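S.K.: Sequence and predicted structure, then a few things I'm wondering about:
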Amino acid sequence: MKGYKFITNKISVVILVGIAGFVFSICLLGGKNKENRIVYHELLIPQKDSILRVIYHSRLVRLKDSLKVILPGTTNDLKRVEMRTKIANMLADSANFTANNADTADTFFTKTLLINRTALGGAMSSDSFNVFPYPHKSIFFLYNDTNAMFRKEPAYNPVKSYIAVSNPRTMMEFIQRNTLAGLWLILSVAQMILWFLVIPVLYGRIDSLNEQVKNLPGDLFSVVNWLISSIIPLLFLGLFSYIFYERMIDTTIIRDNYFLEGFNTKMLWYAVIGYLVAAGCFGMFLHMSMCLDQLDQHVRTNKMVMANDQELKDNYAAIKNAFDDSFLATAVILSVFVLWLGAAFTAINHTEAMRFYKIYAGTDFLSADYVYLVGAFHTVVLLLFYIPVKLKFSSLAIAGQAQNVIAPGGNKILGNLWSSITTILVTASPLLASLIQKLLSGMVGN
């Protein structure tokens, strides 16, 4: 019997649902696929360190050979000193290269090895990586030999290498190499927990309104009405997702070989769940607007005055708070989605091959413009639902009464101003989130 009471406790149910979201996200982002193969990896240029070691050794041998052919004599002393200095510098560069983690010190390679950014980007986006086992994709660097002694030979010599997907890594190994990927994983888990929590919280809000709001005709606060109100948002978000992600974004932005096998399938699950929850929040928003309209009709019919009726004040406050909170929940869901997407872009842009691309091209391989676009469209979606409902709400007689009762006299102007600023910030939050993400990405990159 005690266990039954625990399960039926509202707070306990919400916590259990949150735990379910945690478990689901961990299973979705887990370290192995159905073939029991670890799924985390990154694009590498495996031969780059060996290429540079060969170049250093070749230069050193040629410098020593050149030193041998300089005949003794006063006129050649300066040349011998200059040659020994070059040999010493070459030995220092080679030792520095060896001591500074050659697989991660990008600047060692980019000073000596050049590559066409279009060719590098094309190799990283090759369709040949769509199948497992992942193949190698050939690329050609140019060895930039700036030493004046060797100008009789071509200044730029082609050096063949290749792009390859790293050996599978465990989740912890991958996070150690790319801390930003760890941040993205934490955001992924937290976001899924948030989505799972929202639905029972909204359900509990409707349940509590049945107890708080009194003496209103009809069965306004029912789950059925909430679900019916969610149909239009659900259809619209489905249409939006198809047009935006399938028709407008007509190519794959993040390929599975970039850092997570099955990435796009996993993200499809995230998108479906996220937009379903957002539809539920929009449905709650529309449902509460309908309840406010019914309350307004009840007030008009019975010629009620809020200033003289405490029960009316309480009823209005309960519905209005649910109305505001449901819209805020929608804005938070869509904004966190944008931050999470931006974190994925930043993490991927910090993998090895992506870092090389940025050095050579001067820009990230995965452009933040896509994140801005998602943030802008999410803001448009919020405005599409908010503006009609807000116009309807402003025309309600009960809203005017509440404004006079809640913010009389001089406080009315400040109250309206603060309410307007808050509304603008909440509505534009997805777009603001994309800008914040870009700022944080820039700080990390520097």
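M.R.: Yes, it's here.
S.K.: Is residue 160 bridged to anything, and to what?
M.R.: Assessed by DSSP bridges, residue 160 has beta-bridge partners residue 140.
S.K.: count of neighbours near it?
M.R.: Neighbours of residue 160 under the rule other CB atoms under 10 Å: 10. In this view, the C-beta of every residue, glycine as well, is placed from N, C-alpha and C.
S.K.: pretty sure it contacts residue 140?
M.R.: Yes. Residue 160 sits in contact with residue 140 when judged by CB atoms under 8 Å, with a separation of 5.7 Å.
S.K.: For the chain, which segments are assigned as strands?
M.R.: In the chain, the strands defined using DSSP state E lie at 43-44, 113-114, 137-144, 156-165.
S.K.: Pick the most buried one from the ones you listed.
M.R.: Among the strands of the chain, strand 43-44 has the highest mean neighbour count (mean count of other CB atoms under 10 Å), at a mean of 22.
S.K.: List the neighbouring strands of it plus their orientation.
M.R.: Short version: by DSSP bridges, strand 43-44 pairs with strand 156-165 (antiparallel).
S.K.: what about the strand it pairs with, distance to the chain center?
M.R.: 32 Å (CA atoms, centre = their mean, to the nearest Å).
S.K.: Next, the angle from it to strand 137-144.
M.R.: 150 degrees (axes from the mean of the first three to the mean of the last three CA atoms, to 10 degrees).
S.K.: Give me the average confidence score over strand 156-165.
M.R.: Averaging pLDDT along strand 156-165 gives 71.
S.K.: Show the contacting residues for the spatially most central residue of the chain.
M.R.: Central residue of the chain (CA atoms, centre = their mean): residue 341, 1.8 Å from the mean position. By CB atoms under 8 Å, 6 or more residues apart in numbering, residue 341 lies in contact with 371, 374.
S.K.: let's see it at 6 Å
M.R.: residue 371 (CB atoms under 6 Å, 6 or more residues apart in numbering).
S.K.: just residue 220 next, same as before
M.R.: 291, 294.
S.K.: And for stretch 196-208, what's in contact with it?
M.R.: Contacts for stretch 196-208 (CB under 6 Å, 6+ apart): 10, 13-14, 17-18, 20-21, 221, 226, 277, 280, 284, 322, 329.
S.K.: Pull out the buried positions in it.
M.R.: Neighbour counts over stretch 196-208 (16 or more other CB atoms under 10 Å) mark 196, 197, 198, 199, 200, 202, 203, 205, 206 as buried.
S.K.: just how off-centre is that stretch within its chain?
M.R.: That offset, for stretch 196-208, works out to 26 Å (CA atoms, centre = their mean).
S.K.: Not counting sequence-adjacent ones, nearest residue to residue 113?
M.R.: Distances taken as CB to CB, 6 or more residues apart in numbering place residue 141 nearest to residue 113, at 4.2 Å, with adjacent residues excluded.
S.K.: ok, of the buried residues of stretch 196-208, which one's closest to residue 367?
M.R.: residue 198 (30.8 Å; CB to CB).
S.K.: Next one: that closest one from residue 402, what distance?
M.R.: When distance is defined by CB to CB, to the nearest Å, residue 198 is 27 Å away from residue 402.
S.K.: Residue 60 now?
M.R.: To residue 402, residue 60 is 83 Å away according to CB to CB.
S.K.: neighbour-wise, which of these two wins?
M.R.: Per other CB under 10 Å, whichever of residue 60 and residue 402 has more neighbours is residue 402, with 19 against 16.
S.K.: tell me the pLDDT at the nearest residue to that one once chain neighbours are set aside?
M.R.: Using CB to CB, 6+ apart and skipping residues adjacent in sequence, the residue nearest residue 402 is residue 316, 5.6 Å away. If you check residue 316, the pLDDT there is 83.
S.K.: same check, this time on residue 286
M.R.: Reading off the confidence values, residue 286 has pLDDT 90.
S.K.: Please apply the same query to the one 5 residues further on.
M.R.: According to the prediction, residue 291 has pLDDT 86.
S.K.: One more: the one 10 residues further on?
M.R.: As predicted, residue 301 sits at a pLDDT of 80.
S.K.: and if you look at residue 273?
M.R.: Reported pLDDT for residue 273: 92.
S.K.: What of residue 25?
M.R.: Looking at residue 25, its pLDDT reads 90.
S.K.: How many residues are close by it?
M.R.: Neighbour tally, residue 25, other CB under 10 Å: 23.
S.K.: Skipping its backbone neighbours, what lies nearest it in space?
M.R.: In space, and not counting its chain neighbours, residue 25 is closest to residue 192: 3.7 Å by CB to CB, 6+ apart.
S.K.: Among the buried residues of stretch 196-208, name the ones in helices.
M.R.: 196, 197, 198, 199, 200, 202, 203, 205, 206 (DSSP state H).
S.K.: Out of those residues, which comes closest to residue 382?
M.R.: The nearest one, if we look at those relative to residue 382 and count by CB to CB, is residue 198, at 15.8 Å.
S.K.: if I look at that closest one, how far off is residue 273?
M.R.: Counting by CB to CB, the gap from residue 198 to residue 273 is 11 Å.
S.K.: and if you look at residue 393?
M.R.: Distance from residue 393 to residue 273, counting by CB to CB: 30 Å.
S.K.: what's the answer for residue 200, then?
M.R.: Residue 200 is 14 Å from residue 273, by CB to CB.
S.K.: Going by the annotation, which residue ranges form each domain of the chain?
M.R.: As given by automatic domain parsing, the domain ranges for the chain are 2-36+173-445, 43-165.
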